[in-house]
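Trainee: sequence first, then the predicted structure, then my questions.
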Amino acid sequence: MFKFFRVYNKFILAIGGSLLMVAFLVGSSLQSLVGPGVPVQGTLNGEEVTVEETRWSATQLEILRRYVPQLGIMTSAMLEADGEYERSLLWYMIQHDSQRLGISASNMEAYSVLAAIGIDQTGVQRIANQMKAQEGVVLDAVKSWLIAEAYSELMLGKSHESIYSRIGRFNQIAQAYSQVFGQMALTFAAQQSEDPYRVSKPLIAHYLQDQKARVGGEAVVIPADLYLEDIAEPNEAELTALFDEYKNNLPGQGQYGFGYKIPDRVKLEYIGIPLDEVMSQVSVEPAEANEFYRANKERFVKLDEENKPIAGEYQTFAEVYTQISEGLKQRKAFELAQQIAKTALADLEKPLASVKKKQGYYAFNKDFIGISMRTVAEELEREFKVRVQQYNSYKDKWIDVDRIGDLPGIGMSYAGGRQDAPFTTYVASAKQLDPNVDTNPLIALYLQVEVPSQIMIGQDGSVYIFRLVEAEAAHAPASMADVKTQVMTDAKLKLAYAKLLDETQQWLELAKSSGLDAVAKQAKTDVRRTGLVPRIELGGIAASDQTPDISGIGKSRELVDAMYQIARDSGKSGDLKEEVAADKRTGEAPLEQKLSLVVFRVDDYNLMTETEYKVDASNYMATANLMNYSIFNSDRPHILSYKMMSEKLNWVPDRAAKDEDAELEAPATPEEQPAQDTPEAA
């Protein structure tokens, strides 16, 4: 979970005066203590960087994420890197280059930032005590965050905004969206609280044209399947090579969409207590309804013809009796359903009483046998006279975690009714699935195989309890034999796709000479209308792919760019059919993920009008905000990404040191899992 602390926990306990403890206590002064025996991580512009220096960067990131979560999430949004190794190196690079540029921060500034998010000096002391470190360690991490923010503003050409204003906006957005989007609201808040990029008039014009221009026409999608009859059976060596290349990719992730990795999957059982069933066991007396009416009479104000309240006039008890009675009945039913669920949970947890916990999880031995859910369901029916639904059929078949939400009833439920704890995320947090703490906040609920879940509440008020029977984290197949049929299919498709691409020019010439109908006839498919397509399309919260979704084809940046290129090269706009010859408006683009080729014809190119431009460009703030959202979510390389910073600072890694660090950061064994005394985030 918390890799740095987990890996070094045993060393800290065993050797209180070790170099690592000194590093943790004195922070940046560590560099003065490093001797020639410390392994070198690599070089930045020819200067050696030690393993200890980059591990200190990892420590700072962990402090921000664990103890100052607002700054931790904003930092995560800033850093574009894969894995903890690259993230810690990127953080070090930023600090290193900031020092070269003379960017710094003071303790007073750090205290001010902490105060802005509700952590006073006493809070800083409390965090330091929890870490068993000095206050300076916490302040160093916050100062590094301030330095990184200033560096980001400088490098990205952003407008300056007060840090305190940014933090305030982050808190407001996170609070406003938390009920709807749960944990995703924090990511959205981090994006929306970014300092805006400085924008010029030409950049605004370019952006607005991307947003407002539309291109459209017709297309034919030619699938590689068309060539399968001409493809010979691949030999064993070819199959093995393809399997080895994509065995660690999930389906859809690898090139051509190939992937043979088995995704996270579970076997489970669950019981449901339908609210409708419980409703039949409760009733509401007229006296109860009348008492509620008299205590809440102000809720039943009369309305005029425009549905506006009439002051001092109320509906009579007779008029609202049915409404009150049904509402009270539902409330009673929900309370009884909760009571039944608590009884079931207590019964299911009885066998766990004798099992010891280790770092928050139960440490089962091989002889452990839990109580049958069927037995519990039967006892509930006898005691409460409510028919409890049983779902045991999923005990014997694997369900991919990304499809777990399709299960009837429970699939759309929430742990404890919390909107930020959906069933799918809760299942994905199971210990056996090796969840990532940065992407799954429900790890703190300590779900594991053989342990009943928290009470789940469905959208209709029905109540559920589930138990994982088995769980497997995503892994490569044991051998090609497990997926050989799919590998064989993919191998033939890959060869067929190569043949299709070899004949691209023939398909294009056919389209230019005889039209798309001739292409469709030969390809045994149909001509499709593309609709009017923008060059980029903004998605929802945290969306990074800005490629438009073309009707009947899907997303393809190559196709969109090719259509716009042909439209621009025509030198015309509007309806191109009368202005430009069809062969001059015809082009092609590969659809690699679908192993297809698209041959298209552009018929319409609608540019933004001068009036539209003046209206949007004059609304500077709205346009600038949209531009920032687009730039922030762009899939183009980020200036502050690990890749770009490595090139800028001439980073040359020491392979042996990287391997050593990767080994140290490997997932912990159950015995090394973090203890349950995790301090609450400040």
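Mentor: Noted; the coordinates are in hand.
Trainee: show me where the stretch 151-300 of the chain has helices.
Mentor: Remark: helices assigned in the stretch 151-300 of the chain by DSSP state H, counting those that start in this stretch are 163-181, 184-192, 201-212, 236-246, 275-279, 286-295.
Trainee: return the member of these having the minimum mean pLDDT.
Mentor: Comparing mean pLDDT across the helices of the stretch 151-300 of the chain, the weakest is helix 184-192, with a mean of 58.
Trainee: from what I can see N249 touches G259, true?
Mentor: Yes: N249 is within contact range of G259, at 3.7 Å (criterion: Cβ atoms under 8 Å). Where you see a C-beta, it was placed from the backbone N, CA and C, and this is true even at glycine.
Trainee: which one's more surrounded, those two?
Mentor: Between N249 and G259, counting by other Cβ atoms under 10 Å, G259 is the more crowded of the two (20 against 16).
Trainee: quick one, phi/psi of that one?
Mentor: For G259, the backbone dihedrals are phi -180, psi 130 (criterion: degrees, to the nearest 10).
Trainee: and what of T50?
Mentor: phi -90, psi 160.
Trainee: number of nearby residues for it?
Mentor: Neighbours around T50, by other Cβ under 10 Å: 20.
Trainee: quick check: what element follows the helix or strand that contains A115 along the chain?
Mentor: Using DSSP states H and E, A115 sits within helix 107-116. Sequence-wise, the next helix or strand beyond helix 107-116 is helix 121-131, with elements assigned using DSSP H and E.
Trainee: which of the residues in that following helix are classified as buried?
Mentor: Neighbour-count burial for helix 121-131, counted by 16 or more other Cβ atoms under 10 Å, picks out G123, V124, R126, I127, A128, Q130, M131.
Trainee: ok, so of those residues, who is nearest S104?
Mentor: S104 has its nearest neighbour among the buried residues of helix 121-131 in V124, at 19.6 Å by Cβ to Cβ.
Trainee: for the longest helix along the chain, what is the distance to the chain centroid?
Mentor: For the chain, the longest helix by residue count, based on DSSP state H, is helix 317-349. The chain centroid and the centroid of helix 317-349 are separated by 35 Å under Cα atoms, centre = their mean, to the nearest Å.
Trainee: let me know the angle separating it from helix 286-295.
Mentor: Helix 317-349 runs at 110 degrees relative to helix 286-295, counting by axes from the mean of the first three to the mean of the last three Cα atoms, to 10 degrees.
Trainee: going by neighbour count, list what's buried in the strand or helix carrying F466.
Mentor: For F466, the element it lies in under DSSP H and E is strand 463-472. Buried residues in strand 463-472, counting neighbours by 16+ other Cβ under 10 Å, are found at V463, Y464, I465, F466, R467, L468, V469, A471.
Trainee: reformat these as a markdown table; add pLDDT and distance to S551.
Mentor: Formatted as a markdown table, the buried residues of strand 463-472 follow (pLDDT from 0 to 100; distance: Cβ to Cβ, whole Å):
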| residue | pLDDT | distance to S551 |
| --- | --- | --- |
| V463 | 94 | 42 |
| Y464 | 95 | 38 |
| I465 | 96 | 43 |
| F466 | 96 | 39 |
| R467 | 96 | 44 |
| L468 | 96 | 40 |
| V469 | 94 | 43 |
| A471 | 96 | 39 |
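Trainee: kindly reformat the residues you listed as TSV containing distance to D97.
Mentor: Output for the buried residues of strand 463-472, formatted as TSV (distance: Cβ to Cβ, whole Å):
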residue	distance to D97
V463	55
Y464	52
I465	53
F466	50
R467	51
L468	47
V469	52
A471	43
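Trainee: buried stuff in the helix or strand following the strand holding F466?
Mentor: Toward the C-terminal end, the helix or strand that comes next after strand 463-472 (DSSP H and E) is helix 484-502. Neighbour counts over helix 484-502 (16+ other Cβ under 10 Å) mark 486-488, 490-497, 500-501 as buried.
Trainee: could you do stretch 89-102 as well?
Mentor: Neighbour counts over stretch 89-102 (16+ other Cβ under 10 Å) mark L89, L90, W91, Y92, M93, I94, Q95, H96, D97, S98 as buried.
Trainee: cool, stretch 330-337 as well?
Mentor: For stretch 330-337, the neighbour count (16+ other Cβ under 10 Å) marks Q330, K332, A333, F334, L336, A337 as buried.
Trainee: format the CA atom coordinates belonging to stretch 474-486 as CSV.
Mentor: Output of stretch 474-486 as CSV, limited to C-alpha atoms (Å, rounded to 0.1, in the frame of the first residue of the first chain):
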residue,chain,number,x,y,z
ALA,A,474,-4.9,-9.8,-13.5
HIS,A,475,-2.2,-12.2,-14.7
ALA,A,476,-0.7,-13.7,-17.9
PRO,A,477,-2.1,-17.1,-18.9
ALA,A,478,-0.1,-20.1,-17.5
SER,A,479,0.6,-21.2,-21.1
MET,A,480,-0.5,-20.4,-24.6
ALA,A,481,-2.7,-23.5,-24.5
ASP,A,482,-5.2,-21.6,-22.4
VAL,A,483,-5.8,-19.0,-25.1
LYS,A,484,-4.6,-20.8,-28.2
THR,A,485,-7.8,-20.4,-30.2
GLN,A,486,-7.7,-16.6,-29.7
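Trainee: so which residues make contact with it?
Mentor: Contact partners of stretch 474-486, identified using Cβ atoms under 8 Å, 6 or more residues apart in numbering, comprise L239, T240, F243, K247, N248, L250, Y260, K261, I262, P263, D264, V487.
Trainee: which ChimeraX command selects the buried ones in those?
Mentor: Selection of the buried residues among these in ChimeraX, burial being defined by 16+ other Cβ under 10 Å:
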select :239,243,247,250,260,261,262,263,264,487
